[in-house]
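Novice: Just a sequence and a predicted model for now, questions to come.
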Amino acid sequence: MPDTSREILIVDLDGTLLRSNMLFESFWSAFGRDWRTPFFSAAALLGGRAALKRHLATAAEVDATTLPYDQSVVAFIEEWRQAGGRAALVTASDQGFAEAIAAHLGIFDEVHGSDGKLNLKGENKGRFLEERFGTKGFAYMGDAPADLPVWKRAARAVTVNANGGLRRGAEGVCDEVEHLTTGKRAIRPYLKALRPHQWLKNTLVFLPMLAGHQFDAATVLASVLAFICFSLVASSVYVLNDLLDLGADRAHPRKRRRPFASGDIPLGYGTWLAGTLILLGVLTAAMIGREFLFVMAGYYLLTTAYSLHLKRRIVLDICVLAGLYTIRIIAGGVATGIPLSVWLLAFSVFFFLSLAAVKRQAELIDSAERGKLQASGRGYHVDDLPIISMIAIGAGYVSVLVMAMYVNAPSTIELYARPEALWGVCIVLLYWISRTVMVAHRGQMHDDPVVFAAKDRTSQICLLIIIAFIVGGAQA
């Protein structure tokens, strides 16, 4: 590195020092705390972008210690200072955020941010730096086209993860340019953000077709389209939930690696991704029919309410989760036109209430092992574990009881040549539910119960045995 004693290194925040954007960070944090945030933000924006940033800074709760910093940039700044230079954080983000971040990192001599009136970006930032440090009196590290007016006034330009066009632009306005590449954009984080492994839950839309023994082409096509629609809408919800849960995810040892929490995907891209997925889901739902579209609208509204508020309401949250599973079955019936039996709906409500309770049980066990008295972002305390476990076991056993009563129902006798074979399904379910609760109790369940079941060898064997009993009962 050349002599830095005569220059001060000016460092941008969003996309440069930080693998994120504080405007989006503060918006999603505030939105997660108050569903009225979009309306308040629109009103604040009438006063300009700096006013919007100040409003969000006061409404949000962002922990500077857990933000995804670019460690290569941090190392560059530390090396600059070790060579005798000074460094300043100058950002368009609000001054409050800038000061909190600078205090946490401890590598800056000065800190300047937007003050609620002046948006310190582009030409505004360029003029501010020129007045403070003089023309060509500073080096500037940035990552966006908005930094070109600043590089024009700088003695040295340092680009961070810039594309070819931006690199050429920096070279065109500044005599001395250094390009820093700290990471590459890949498709894998985007696929991970969609959580395709969670699409396994959407196979519930096939249950009405399977339970009704209707396998004609039209029914199969309608079920497949319903599955695709649910996968698109569910992925949109997962993206939205990750954006709302940034703070909680970063405080979790495993969830902090999620694409948005880790900074692998820019939050702005996530916002567009969620919108695109829901639009594609709406178009697919419209192809199936108006009633199905209404069901999907209800599903999306309920999941959004869950993400914004209901997940923090004890007991109500697991009831909503059970309802979201059951809605998938209802949607499958609406898409295919197959009437749903009361037995199937009753079984699904209790069975999925059990799985939802197991999910909370696993989270509380994990919190207890990490020495936390409360699950992050939830309303439960570790002391609630016995009650949650009882709900998981009780609801699971009631679902098996419903299944046992279904065995002797007149409708079952009409569908199955040997309905008594379904008693085998009851026995396997009793075992699987009991074992699943035990696995969660021992802290060995790190995934959603449905995802756990898909990966667990014992659960896979149980599923095969259940299928064998069902097929055996159906054959004449």
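Specialist: Perfect, I can see it now. Numbers count the residues shown, from 1 in each chain.
Novice: Can you name the element that comes right after whichever helix or strand Gly32 is part of?
Specialist: With elements taken from DSSP states H and E, the one containing Gly32 is helix 22-33. Per DSSP H and E, the first helix or strand lying C-terminal to helix 22-33 is helix 37-45.
Novice: Next, the buried residues of that following helix.
Specialist: Thr37, Phe40, Ser41, Ala44 (16 or more other Cβ atoms under 10 Å). (Each C-beta comes from the backbone N, C-alpha and C, glycine too.)
Novice: and of those residues, the nearest to Val237?
Specialist: Proximity of the buried residues of helix 37-45 to Val237 (Cβ to Cβ) peaks at Thr37, which lies at 18.0 Å.
Novice: In space, what's closest to Cys319 - neighbours in sequence excluded?
Specialist: Leu353 (6.8 Å; Cβ to Cβ, 6 or more residues apart in numbering).
Novice: My read is that that neighbour contacts Ile393, right?
Specialist: No. Using Cβ atoms under 8 Å, Leu353 is not in contact with Ile393, being 11.2 Å away.
Novice: what number of residues lie near the closest residue to Thr303 other than its chain neighbours?
Specialist: Setting aside the residues directly before and after it, Thr303 is nearest to Val237 in space (Cβ to Cβ, 6+ apart), at 4.6 Å. Val237 sits with 24 neighbouring residues when counted by other Cβ atoms under 10 Å.
Novice: What is the nearest of the buried residues of helix 37-45 to Pro253?
Specialist: Thr37 (28.6 Å).
Novice: ok so, going back, of Leu353 and Ile393, give the one with the bigger neighbour count.
Specialist: Taking other Cβ under 10 Å, Leu353 and Ile393 do not tie; Leu353 has more neighbours (24 against 19).
Novice: can you pull the contacts of the more buried one?
Specialist: Contact analysis of Leu353 by Cβ atoms under 8 Å, 6 or more residues apart in numbering lists Ile318, Cys319, Leu321, Ala322, Ile391, Ala395.
Novice: swap the cut-off to 10 Å and go again
Specialist: 318-319, 321-323, 325-326, 391-392, 394-396, 398-399 (Cβ atoms under 10 Å, 6 or more residues apart in numbering).
Novice: same question, Ser459
Specialist: Trp432, Arg435, Thr436, Val439, Pro449, Val450, Phe452, Ala453.
Novice: of those, closest to Pro149?
Specialist: If you rank the contacts of Ser459 by distance to Pro149 using Cβ to Cβ, Val450 comes first, at 51.7 Å.
Novice: Hmm, that closest one is touching Lys201, no?
Specialist: Yes. Using Cβ atoms under 10 Å as the test, Val450 is close enough to Lys201 to be in contact (5.4 Å).
Novice: is the closest residue to Asn21 other than its chain neighbours in a bridge, and if so with what?
Specialist: Spatial nearest neighbour of Asn21, chain neighbours left out: Asp14 (4.4 Å); criterion: Cβ to Cβ, 6+ apart. Using DSSP bridges, the bridge partners assigned to Asp14 are Leu18.
Novice: So what's the residue count around Asp14?
Specialist: Neighbours around Asp14, by other Cβ under 10 Å: 25.
Novice: And Gly169, how close does it get to Trp151?
Specialist: According to Cβ to Cβ, to the nearest Å, Gly169 and Trp151 sit 8 Å apart.
Novice: Can you pull the residues that touch both of these two?
Specialist: Ala157, Thr159.
Novice: More neighbours: which of these two?
Specialist: Each of Gly169 and Trp151 has its neighbours counted (other Cβ under 10 Å); Trp151 has more, 25 against 19.
Novice: Quick one: residues contacting that one.
Specialist: 126, 139-142, 157-159, 166, 169-174, 177.
Novice: Equivalent analysis for Thr458, please.
Specialist: Contacts of Thr458 by Cβ under 10 Å, 6+ apart are Tyr431, Trp432, Arg435, Thr436, Val439.
Novice: ok, then the element right after the helix or strand hosting Val402?
Specialist: Using DSSP H and E, Val402 falls within helix 385-407. Next helix or strand after helix 385-407 toward the C-terminus (DSSP H and E): helix 410-415.
Novice: Would you mind confirming that Ile8 is in contact with Arg86?
Specialist: Yes. Checked against Cβ under 10 Å, the pair Ile8 and Arg86 is within contact range at 4.5 Å.
Novice: shared neighbours, those two?
Specialist: Between them, Ile8 and Arg86 share the contacting residues Trp80, Asp109, Glu110, Phe138, judged by Cβ under 10 Å, 6+ apart.
Novice: Correct me if wrong, but His112 is in a helix.
Specialist: No. Under DSSP: H, G, I helix; E, B strand; the rest coil, His112 sits outside any helix and is assigned strand.
Novice: Tell me how far it lies from Val11.
Specialist: Look at His112 and Val11: by Cβ to Cβ, they are 11 Å apart.
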